[in-house]
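# Dropping the sequence and predicted coords here.
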Amino acid sequence: MGRYYSGDIFKKTLLDVEKEVFVEKWSISSDDLGMREGGWMIEKRRLYGGLSDHVDIVEVNNGSLSFILVPTRGMGVWKGSFKGYYLGWNSPVKTPVHPSLINLESRGGLGWLDGFNEWIVRCGLSSLGAPGMDVITDNMGRGREIKLTLHGKIANIPAERLEVTVGLNEPYEIRVEGVVYERSMFGSNLKLYSSAITYPNSNILRIIDSVENLKSIDDEMQLLYHCNFGPPFLGDGSTLLAPVELVAPRDSIAADGIEEFNMFGPPKPGFIEQVYFLKLRGDSDGRTSVMLLNSDETLAVSLSFSLNELPYFTLWKNTGSLEDGYVVGLEPGTSLPNNKAFERERGRIILLRPSEKYQSSIDVSIHVGREEVDRMKRRIEGLGAESKMKVLTEPSEEFSPSYKRKHHIRLSS
Amino acid sequence: MGRYYSGDIFKKTLLDVEKEVFVEKWSISSDDLGMREGGWMIEKRRLYGGLSDHVDIVEVNNGSLSFILVPTRGMGVWKGSFKGYYLGWNSPVKTPVHPSLINLESRGGLGWLDGFNEWIVRCGLSSLGAPGMDVITDNMGRGREIKLTLHGKIANIPAERLEVTVGLNEPYEIRVEGVVYERSMFGSNLKLYSSAITYPNSNILRIIDSVENLKSIDDEMQLLYHCNFGPPFLGDGSTLLAPVELVAPRDSIAADGIEEFNMFGPPKPGFIEQVYFLKLRGDSDGRTSVMLLNSDETLAVSLSFSLNELPYFTLWKNTGSLEDGYVVGLEPGTSLPNNKAFERERGRIILLRPSEKYQSSIDVSIHVGREEVDRMKRRIEGLGAESKMKVLTEPSEEFSPSYKRKHHIRLSS
Amino acid sequence: MGRYYSGDIFKKTLLDVEKEVFVEKWSISSDDLGMREGGWMIEKRRLYGGLSDHVDIVEVNNGSLSFILVPTRGMGVWKGSFKGYYLGWNSPVKTPVHPSLINLESRGGLGWLDGFNEWIVRCGLSSLGAPGMDVITDNMGRGREIKLTLHGKIANIPAERLEVTVGLNEPYEIRVEGVVYERSMFGSNLKLYSSAITYPNSNILRIIDSVENLKSIDDEMQLLYHCNFGPPFLGDGSTLLAPVELVAPRDSIAADGIEEFNMFGPPKPGFIEQVYFLKLRGDSDGRTSVMLLNSDETLAVSLSFSLNELPYFTLWKNTGSLEDGYVVGLEPGTSLPNNKAFERERGRIILLRPSEKYQSSIDVSIHVGREEVDRMKRRIEGLGAESKMKVLTEPSEEFSPSYKRKHHIRLSS
C-alpha cells in the first residue's frame, strides 16, 4: 500500500471523472494502517435501487462520531451519530435521492424538497433561497427573465473528484475532499472545493469550503449551510443559544412567535414553519458560535464559524409532526434565504472576480453531559448571548420580502 | 435455501433500499422448488442501455400467463401474453423508459407520454388526469398555484422495496410485492403497497393495492388503472361489453362518436382519441366487470373490480394507426381523468386521514374460445349490460371541463 | 471470432436495447483482426462518476485521426485529434454529461447548454434553435402552446442500437452506427440512423445520417450539425473560407462585426457571440465546402456537404475567453437556428411523409501543412469563394427574428 503514501499522509483517490478514476467500493481503518490512534474507519460504497440508485456515499466513523457524506449530492452530509446520539433529522424522504430523479423546476420551483433529507446541506452556489424571478444574461448578451428554483443547484450536482487523506501523525486528521462544479456554457462556472475533516474519537466535524469563480469575468455567488436537527437534540423544551444582536421574523407567521423564537415545542401536526433572520455577535476576529440544547441541557450541538465568511444567520423552526419532519435548521450563510433578486437589492450577494475564491468553514461539535454543555454555554454567553438584542416584531424591509408596514423595534435581553 | 422459507411460503427480498438490499439478477422456477404444480418461473433482471438503462423488471410466467412488472416505473405492468396472445399494446415507445429520462413538466405538462407504453399503468397518487393549474400549500403555509402534470408521478417513481413470495401449498399463489413512495418534504407522503398475484397455469392477474397517507394530517389521493389493449384483443369489430348505467362524452369529438362508443374500428391514421366517462352497474356488493371482445367473440379480456373502490370508469378509444398506437384503454379509477381541480369541485377526490389506507384491486382475466367468452359475457349481462343506459350526447357539466351548453339526455339499451 | 464476420465485413453489435444486448467494455484493433492496414483501434467503454456516470463512449483511432462518439448523447462527437492537433473546443463543461442530469426546460429553456461540450453535436430533430413558443397538437387533437427548448432533444437521447463494422478489404472502412429515436406517444417518432465513418490513417471523418418519420402521418423535422472548433484551428487571425453568396447578421451585435464576419480574433473575456447566416454556393451537384484556417494557413479543417441536404449555414462566432469557451461553430443545417415558429413561417422546416427518410452527410477533413491547406483552399475558391457576395448589414426579415427596420444590401467580394 506504499503507493498511497505521500510523506506523512495516506491518500486515496476514489473518483476523478476527467481521469476516468472511479472506485465503487473501498474502505480503510486504523487497523489497516496499523495506527495507534485506533477505532476509526472510512467506507465508500454505492447505493442501489429505488431513488438512491447509484448514489455514492462515504461513511466516516472516527470512533465516536460518524457521518455519511454524499458525493453524488454535492458533498452534503446525510446523517451522523455521536456516541449513539442521532445527528440529523427524520425527513419524509428516507434515503439520498439521486439528482437525476430530482426536477428542481417541479412544483413551481420547489422540486429541491423532493430530495431534502440531509443533516447538513449546502444551498447555492449561483443562487439560493425561495424561488423567484431573476434576470440572467443569456448567450445573446440579452437579459432573460428566468425562475430561480429553491436553494439552487449545488445539492443536486454529483462531485467530479473525491479523495480521502489520513494524517499519519498527530492529530491524525481524517479528511474527505470533494470537488463539485456548478457550471454551464453561458452560465456560472463555480468550483466548490470541499473538505470534511475530523479526528479520531473527537466530537468535531469541520467543513472547509472554497468556492472559486472559474469564469474570466465577475460572477455572483451565494452559499448557505442548511444544518438540520431533530431528536434527540431537538425536543420539547430545547432552545437555541446564540449571541443575537438582532432578530427579525420572515413573515407574519414568524412574527406571531417572535417572543419564543429561540424555544422549541413538541412535534405538532400541521405546524407552519417559522423563519427568523438573525444578526449575530462575534469575537474580535468575527468568530461566533450558536448552540442547540436539549431541555435539561445535558446534550447539545454547536456550530462555530466566522461572521466575516458567513455574516447572516437564519433559524428555521419547523416543529411539525415526527412523520412530516420535526426539525430545526441552523443556517449560517453569505446571505439570507430570500429569493436572490431581493438579496441582491439589499447588497447581500457575493461578487467574485475571475479566479477569486470565497472561503468558508463551519465546526460542528457535539456536547454530551451537563459539564460539557455548560462549558460551551459559557463561551457563547461570553460572545454576548446575554446582552440586549434588537427584536423586530414584524417583517422588515431590510430582511424580508413580505414586509408590509413600518416595523417596530424593541430591545430585549 | 431453507432460510427463504417461512411456514408454507417461499419468500425472497429482491430490493430494500433502506436496508441496502439489492439483487440485480435472480430467478426461480417450479423446478427449483421441486413443486408438483409446475411450469412457472419468475425472473428479475436489470435492463441496460438506451432509455431503459437501469430499469429493473420482474418477469412472471405462470405456465400459461406471463407478464412483466417494472419496479423502476412504479410497479406498472409493461406487457404480457396468454397462450401466445399478446397482452398490452404497441406504443411508439418500445421499451420501459427510466424515470430519470422523463421530464413530466415537458411539452406543457405532457412529459408522461414520453414513457407511456405499459399494458397496465397507474395514474396518481397525489393527482392524475389532464395537466392543469391547481393550488397547493407550500412550506410557508401559503397557497401556491402550480401546474399539475399529466397523470401524476407514481408511474415514474422507482419502487423502494420488492419481494417475491410463492405459496407452497394449493393454490400455490405467486406474488410480487412492491412498495413505492410518492413523498416529499412539504408534500404528499403516500405509500403504495402493491401486489401482483397469479396462480400456476391460471388465466388471471390480480392486482391488489393499498395507498396509505403517511402524513400526520389529512391528504388527498387519486388512483386510476390505465389498462391498455391493442391486437389481438382490439381489432376491427371488437367491442366493449359493460353494465353501463350512464355514458358521457368528454368532448365534442367523443360526442360525435357516442352512438358507437363501445365499438372499435380498424387502425386509422390521424384518428383523434375519443374518451367516454361511464357509470357502471355492479352486483349487490358493488362488484362489476367489463370485457373487451374481439369481433367473432372467440377471444376476450375482462377486468373485474369493486365500484366501492373504483367508482368511475373511463374508456379511452384511440384507434389510430398501428405505428402511432392502436389502443383502447379501460380505466377504472377513484375519479375521472380530468384535471384535479375540476374533479375536486365535483367531489371526486379521496381524502385520507393520517395512517388511513385506501384499498383497491383489479382482476384481469383472459378468455379464450367462444365457450369461455360466452360464460363471462353472461356474467356481465347479469350485471345489467343489457338494461337501459343514460346516454349524454354532449359533454356535461358534471363530467367534463369542456361542457358548453345544456346537455341532452337520452335513454338507450 | 468467425461469428462476427459477414462476407467481407467484421461486425459487432454493442447495444440493442430491444434485444437486451449491451456490451459494457469492448475493443478491437487492426492487430486483433490481423490486418495489413494497421494501427487503428476502436474501444467502447462506459464512464463512471460525476455527471458522466453511465455515459457510454466509443473511441475510434484510425492511426492518424481519433474521435470519441457518445452514444448516450445522441451519437454526438465529443472530441478528436489528428496527428496531435486537438479537434473540438474547451467548454466549461469538461466531460460528457448524462442526459438524465440535463433538464432542457431549465434556465428558461436553455438547459441544453449544461451539457454542451461536443466537437460535433446534432441539433434537432423535431425542433432546433432558440427557445420559443410553438403550437403542437396534443392527444385531444387540440392546439397546445408549448415552449420549445434550445436546440431540441436529440443530443440528450441515448442511442438504442450501436454497431461497429470494419471492412476487411480496401479501403478498410471503419464504421460506427447508432440508432437514436426521438419519439413519444402523441409526439414525434423520428428515427435517426447515424453512421460515423473513417479509414485507416485517413484525415476524414464522414457522418452519414438518415432521419425517418415513423409516424403514419406527415411530421416536421429539423437537423443542424453544430461543429465547434477551438485552438489550434481557431486562434487570433484564423479565418473562415467559404463560397458565400449572401451573409446576414442575426442581430445588431452581429451587424456591428459584419465587416470581419469571417475573421477571428484572440480570446476576449466578455465577448458577446456574433451569429451570421450564410447562403453558400456549391458545384453543379450542390456540393460545397467551407474551411477554418489558422492564421498562417498551415492548419485547417474543412466541412464538405451538399446544399441539397443542408441548404442553410450558420456561423457562430464566440471568441470569448479560453475559460468561458473560445469557439467558432460551423453549422450546416436544414434551417437556420432561429426558433422553429419563425423558421416555419419562412418555409424552412422539412416535412416528412410517413416512412420518408431525410438523408444528410458531412465530411470533416483535416489539412496539415501549407500544401494541403492550399489544395483545399483552391477547391473552395473554385466554388466561388472569391466571387461577389451579398452582405446584409442589418438583421433582415427573411433570416432573423430580431430584424427591426429595412435592411441594407451591399455587394462585396
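Arrived safely, thanks for sending.
# And for A:Asp114, the neighbour number?
A:Asp114: 25 surrounding residues under other CB atoms under 10 Å in any protein chain shown. (Glycine included, C-beta is placed from N, CA and C.)
# Burial check on the residue nearest to it when sequence neighbours are not counted, number of neighbours?
In this structure, A:Asp114 finds its nearest non-sequential neighbour in B:Ser184, 4.5 Å apart by CB to CB, 6 or more residues apart in numbering or on different chains. B:Ser184 has 23 neighbouring residues, counting by other CB under 10 Å.
# Now do the SS call for A:Val77.
Three-state assignment for A:Val77 (DSSP: H, G, I helix; E, B strand; the rest coil): strand.
# Surely it and A:Ser194 touch.
No - counting by CB atoms under 8 Å, A:Val77 sits too far from A:Ser194 to count as a contact (10.4 Å).
# which residues do the two both contact?
Residues touching both A:Val77 and A:Ser194 comprise A:Ile207, with contact defined as CB atoms under 8 Å, 6 or more residues apart in numbering or on different chains.
# For stretch A:100-119, could you pull out the residues that count as buried?
By 16 or more other CB atoms under 10 Å in any protein chain shown, the buried positions in stretch A:100-119 come out as A:100-119.
# which stretches of chain A have low pLDDT?
Where chain A drops to pLDDT under 70, the residues are A:1-7, A:404-413.
# Please repeat the previous calculation with a cut-off of 90.
Applying pLDDT under 90 to chain A picks out residues A:1-7, A:35-38, A:136-144, A:384-387, A:402-413.
# where does the stretch 251-400 of chain A come near chain C, residue by residue?
Proximity of the stretch 251-400 of chain A to chain C (CB under 8 Å from any CB of the partner chain) is limited to residues A:Pro354.
# next one: the stretch 101-250 of chain A
Contacts of the stretch 101-250 of chain A with chain C, taken as CB under 8 Å from any CB, map to A:103-105, A:136, A:138-141, A:144-147, A:157-160, A:162, A:181, A:183-187, A:189, A:214-217.
# Which ChimeraX command selects the buried ones in the residues you listed?
Entered in ChimeraX, the line below selects the buried ones among these, by 16+ other CB under 10 Å:
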select /A:103,104,105,136,138,139,140,144,146,157,158,159,160,162,181,183,184,185,186,187,189,214,215,216,217
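# Does A:Arg348 touch A:Leu336 like I think?
Yes - between A:Arg348 and A:Leu336 there is a contact at 6.7 Å, judged by CB under 8 Å.
# which residues sit against stretch A:101-112?
With CB under 8 Å, 6+ apart as the test, stretch A:101-112 has contacts from A:51, A:113-115, A:131-132, A:147-151, A:153, A:155-156, B:99-100, B:103-105, B:136, B:138-139, B:144-147, B:149, B:158, B:184, B:186-187, C:103, C:105-106.
# distance between it and the chain's centre?
Stretch A:101-112 sits 20 Å away from the centroid of its parent chain (CA atoms, centre = their mean, to the nearest Å).
# again with stretch A:21-37
The chain centre lies 27 Å from the centre of stretch A:21-37; the measure is CA atoms, centre = their mean.
# Might you report the residue contacts of the closest residue to A:Phe186 other than its chain neighbours?
Among residues not flanking A:Phe186 along the chain, A:Asn139 sits closest, at 4.3 Å (CB to CB, 6+ apart). For A:Asn139, the contacting residues are A:185-186, C:110, C:113, C:273, by CB under 8 Å, 6+ apart.
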